[in-house]
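Visitor: Just need the structure, nothing else, for what follows:
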Amino acid sequence: MPKHVFVTGGVASGLGKGLTASSLGRLLKMRGLRVTMQKLDPYINVDPGTMNPFEHGEVFVTDDGGETDLDLGHYERFIDEPLTRASNATTGSIYQSVLAAERRGDYLGRTVQVIPHVTDEIKRRIRRLVTDEVDVVITEVGGTVGDIEILPFLEAIRQFRNEVGRDNVCYVHVTLVPFIGPSGEQKTKPTQHSVTELRSRGIQPDVIVCRSDEPLSDSLKRKISSQCDVDNRGVINAVDVKNIYELPLILHDEGLDTVICDVLRIDSPIDLTPWRNLVNRIEASVSPVRIGLIGKYVDLHDAYLSVIESLKHAGFHHGAQIEVVWIQAEDVEGLLADERIGSLDGIVIPGGFGPRGIEGKIRAAEFARENNVPCLGLCLGMQVMTVEFARNVLGLADANSTEFNAATPHPVIDLMIDQREVTNKGGTMRLGAYYAVLSPGSKVANAYGEPVVSERHRHRYEFNSNYRARIEAAGLLCSGTSPDKRLVEFVELESHPFWVGTQAHPEFKSRPDRPHPLFRELIGAALKYRTQRLANLEQRPVDAVVVQDSQKSVAR
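Guide: Predicted coordinates for the structure are as follows:
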């Protein structure tokens, strides 16, 4: 029977439950165990697919088309296992299932209640991850203990231990130990209150992970152990780190996986060598690279979490320190003459929905194309690169996507034909993994090193193949298509060092020890561009620099 670890949180949101759970998953994998993970979210939305990125950050997409919480991205990056839509359950989806069962008559006319019907459905969601190929299921419960929305989940995981046996369940509670400046002390009272609230729901944590700015003293750990009735070894300190991939090593040194294995009666040695090598490689990455991210939601960096992590992974590979320059798409026009754009070594144009900022993204794609700046377009990014090329190279001045101008005379980006009759938003999306056949000898094919690849998608609009011949004749190669050749999956500019767009979201498949090929090649091209750019600056005559600076002053 698989073992289960339940991770809850207290005191405040955003403490890093997801990273703690992910780090534990990696530690258990390094013990040779087969691990899968799950997120239970208390919000009533059925899934995050229709939520504004400013509300909940990025929507992570699984191979089977699940639109899930961004923590699943952390899970996949750490445990390096593809997850499915079954790994994310929300209050909305759970009630949807319960009400559907009631309408079908599955409950035989009985009164439908939170206990047992809702809690039984939650337990069913947990059990559906149990297979013969899994040794440990790690389930993170979203929200904070004390929230009214979380109560059915706590009751469900409380019942779960009684049903599967005490040796098969471990409870981990993540809390905050804040530092109070005026008194100069770290305070344990919030942790004590949080654990008291959890115990009032019938759950006694086996492990308490204490988040803090600075390390906790042994005396504070003993105090938490005594006040919360947890073994002293079960009080784990997770200190702030600059590099999240260092966290598994810190938690291991604190004894997290050792204590949990003892609770679950697991006896398996650990080999940390590969992960230590990764962390050493990360710490040795020093070559600076400035990558501009031209986004619509840059005020919330979590909206592009997987993109940022993918850039970092590529940086680890090349020994580069990635500096992300956050650029609001609506501000691009005013920044083009600014050193902030001119000092970039590469550009990423990520995905998004809606017309806001589109012209800025198009302008950024034009800047990258004309100045040989390495550029990677993701989903919407590929579409705006296509629009830019059609306007400024083919001369189709009014070219656009029908998403932004339904009356455009040159719809180089358009809905798929079989979508036109569909009005349900969810029904128009191309979601999940799709195959693409790559053109031999293309930049994309050379990057992947494979003729056929699979990438995850989340979009409605497509490259309009009616314009393909004209666009390719002008130099923009459609370097990857669907197996039936109907849909264009990749485009690249043949005369450019790296001006590549993909209809997919490759950021979802990048790993810290195995960067995605497209991001790897982007950073490789950016390093070369940076070397050339700095060399050109050194060779510029002083008089030219003075003239240019005076012109900028006049312009201002």
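Visitor: quick one: contacts of the longest helix seen in the chain?
Guide: The longest helix of the chain (DSSP state H) is helix 517-539. Helix 517-539 is contacted from outside by 287-291, 310-311, 313-315, 317-318, 320, 322, 345-346, 348, 372-374, 376, 443-444, 447-449, 497-498, 500, 502, 506-507, 510, using CB atoms under 8 Å, 6 or more residues apart in numbering. All C-beta atoms are positioned from the backbone trio N, CA, C, and that covers glycine.
Visitor: and if you look at stretch 147-161?
Guide: Stretch 147-161 is contacted from outside by 4, 6, 8, 40, 42-44, 91, 94, 114-115, 118-119, 122-123, 126, 139, 141-145, 168-169, 171, 198, 201-203, using CB under 8 Å, 6+ apart.
Visitor: For the stretch 351-500 of the chain, which segments are assigned as helices?
Guide: In the stretch 351-500 of the chain, the helices defined using DSSP state H, counting those that start in this stretch lie at 358-370, 380-392, 443-448, 468-473.
Visitor: which strands and helices sit next to the third one?
Guide: In this structure, helix 443-448 makes packing contacts with strand 430-438, strand 476-481, strand 488-493, strand 499-502, helix 517-539, judged by 3 or more CB pairs under 8 Å, 6 or more residues apart in numbering; DSSP states H and E.
Visitor: Report the buried residues of the last one.
Guide: This means helix 517-539. When neighbours are counted by 16 or more other CB atoms under 10 Å, the buried residues of helix 517-539 are found to be 517-527, 529-530, 533.
Visitor: and that helix, what's its mean pLDDT?
Guide: Helix 517-539 shows a mean pLDDT of 93.
Visitor: I'd like the distance between Leu151 and Thr8.
Guide: Using CB to CB, to the nearest Å, Leu151 is found at 12 Å from Thr8.
Visitor: So for these two, which sits in the more crowded spot?
Guide: Thr8 (27 against 17; other CB atoms under 10 Å).
Visitor: Give me the next element, helix or strand, following the strand or helix carrying the more buried one.
Guide: Using DSSP states H and E, Thr8 maps to strand 3-9. Later in the chain than strand 3-9, the nearest helix or strand by DSSP H and E is helix 17-29.
Visitor: What pairs with whichever helix or strand comes after that following helix, parallel or antiparallel?
Guide: As assigned by DSSP H and E, the chain's next helix or strand after helix 17-29 is strand 35-41. Strand 35-41 sits in its sheet next to strand 88-90 (parallel), strand 136-141 (parallel), going by DSSP bridges.
Visitor: okay, the angle between strand 35-41 and strand 3-9?
Guide: Using axes from the mean of the first three to the mean of the last three CA atoms, to 10 degrees, the direction of strand 35-41 lies 40 degrees away from that of strand 3-9.
Visitor: any idea of the mean pLDDT in strand 35-41?
Guide: Computed over strand 35-41, the mean pLDDT rounds to 97.
Visitor: Closest to Ala469 out of the buried residues of helix 517-539?
Guide: Ranked by distance to Ala469 (CB to CB), those are led by Leu518 at 25.3 Å.
Visitor: tell me which of the buried residues of helix 517-539 is nearest to Ser226?
Guide: Among the buried residues of helix 517-539, Phe519 lies closest to Ser226 (CB to CB), at 48.3 Å.
Visitor: Report how many residues lie close to Arg460.
Guide: If we define neighbours as other CB under 10 Å, then Arg460 has 15 of them.
Visitor: Would you enumerate the residues in contact with it?
Guide: Contacts of Arg460 (CB under 8 Å, 6+ apart): 403, 415-416, 419, 428-430.
Visitor: most surrounded residue in those?
Guide: Glu403 (20 neighbours).
Visitor: what about the closest residue in space to it that isn't next to it in sequence, distance to Cys379?
Guide: Leaving aside its sequence neighbours, Glu403 sits nearest to Tyr461 (CB to CB, 6 or more residues apart in numbering; 5.1 Å). Taking CB to CB as the measure, Tyr461 falls 9 Å from Cys379.
Visitor: Equivalent analysis for Arg34, please.
Guide: For Arg34, the distance to Cys379 - CB to CB - is 32 Å.
Visitor: Those two: which has the busier surroundings?
Guide: Set Arg34 next to Cys379 and count neighbours by other CB under 10 Å: Cys379 wins out with 23 against 15.
Visitor: got a list of contacts for stretch 363-373?
Guide: Contacts for stretch 363-373 (CB under 8 Å, 6+ apart): 292, 294, 327, 329, 332-333, 336, 341, 344-347, 349, 374-375, 377, 381, 384-385, 388-389, 392, 493, 496-497, 499, 529.
Visitor: Now list the buried members of those.
Guide: Among these, those classed as buried by 16+ other CB under 10 Å are 292, 294, 327, 329, 332, 341, 344-347, 349, 374-375, 377, 381, 384-385, 388-389, 392, 493, 496-497, 499, 529.
Visitor: Return the strand holding Thr8 as PDB; C-alpha atoms alone will do.
Guide: Provided in PDB are the C-alpha atoms of strand 3-9 (Å, rounded to 0.1, in the frame of the first residue of the first chain):
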ATOM      1  CA  LYS A   3       2.300   5.900   1.900                       C
ATOM      2  CA  HIS A   4       0.700   9.300   2.200                       C
ATOM      3  CA  VAL A   5       2.100  12.700   3.300                       C
ATOM      4  CA  PHE A   6      -0.200  15.600   3.800                       C
ATOM      5  CA  VAL A   7       1.200  19.100   3.900                       C
ATOM      6  CA  THR A   8      -0.800  21.900   5.500                       C
ATOM      7  CA  GLY A   9       0.000  25.500   6.200                       C
END
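Visitor: same for that strand, what does it pack against?
Guide: On a contact count with 3+ CB pairs under 8 Å, 6+ apart, strand 3-9 meets helix 17-29, strand 136-141, helix 151-164, strand 169-176.
Visitor: Is it possible to get JSON lines of those that adds mean pLDDT?
Guide: Below are the helices and strands packed on strand 3-9 laid out as JSON lines (pLDDT from 0 to 100):
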{"stretch": "helix 17-29", "mean pLDDT": "97"}
{"stretch": "strand 136-141", "mean pLDDT": "98"}
{"stretch": "helix 151-164", "mean pLDDT": "96"}
{"stretch": "strand 169-176", "mean pLDDT": "97"}
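Visitor: and Leu487, which of those is closest to it?
Guide: Of all the helices and strands packed on strand 3-9, it is helix 17-29 that lies closest to Leu487, at 33.5 Å by CB to CB.
Visitor: what angle separates that closest one from strand 3-9?
Guide: Going by the same axes, to 10 degrees, helix 17-29 makes 160 degrees with strand 3-9.
Visitor: what packs against helix 17-29?
Guide: Helix 17-29 is packed against strand 3-9, strand 35-41, helix 71-79, strand 136-141, strand 169-176, helix 247-254, helix 256-263, with contacts defined by 3+ CB pairs under 8 Å, 6+ apart.
Visitor: Sheet partners, orientation included, of the first one?
Guide: Paired neighbours of strand 3-9 in the sheet (DSSP bridges): strand 136-141 (parallel), strand 169-176 (parallel).
Visitor: which is the next helix or strand following the last one?
Guide: The element immediately downstream of strand 169-176 (helix or strand, assigned by DSSP H and E) is strand 179-180.
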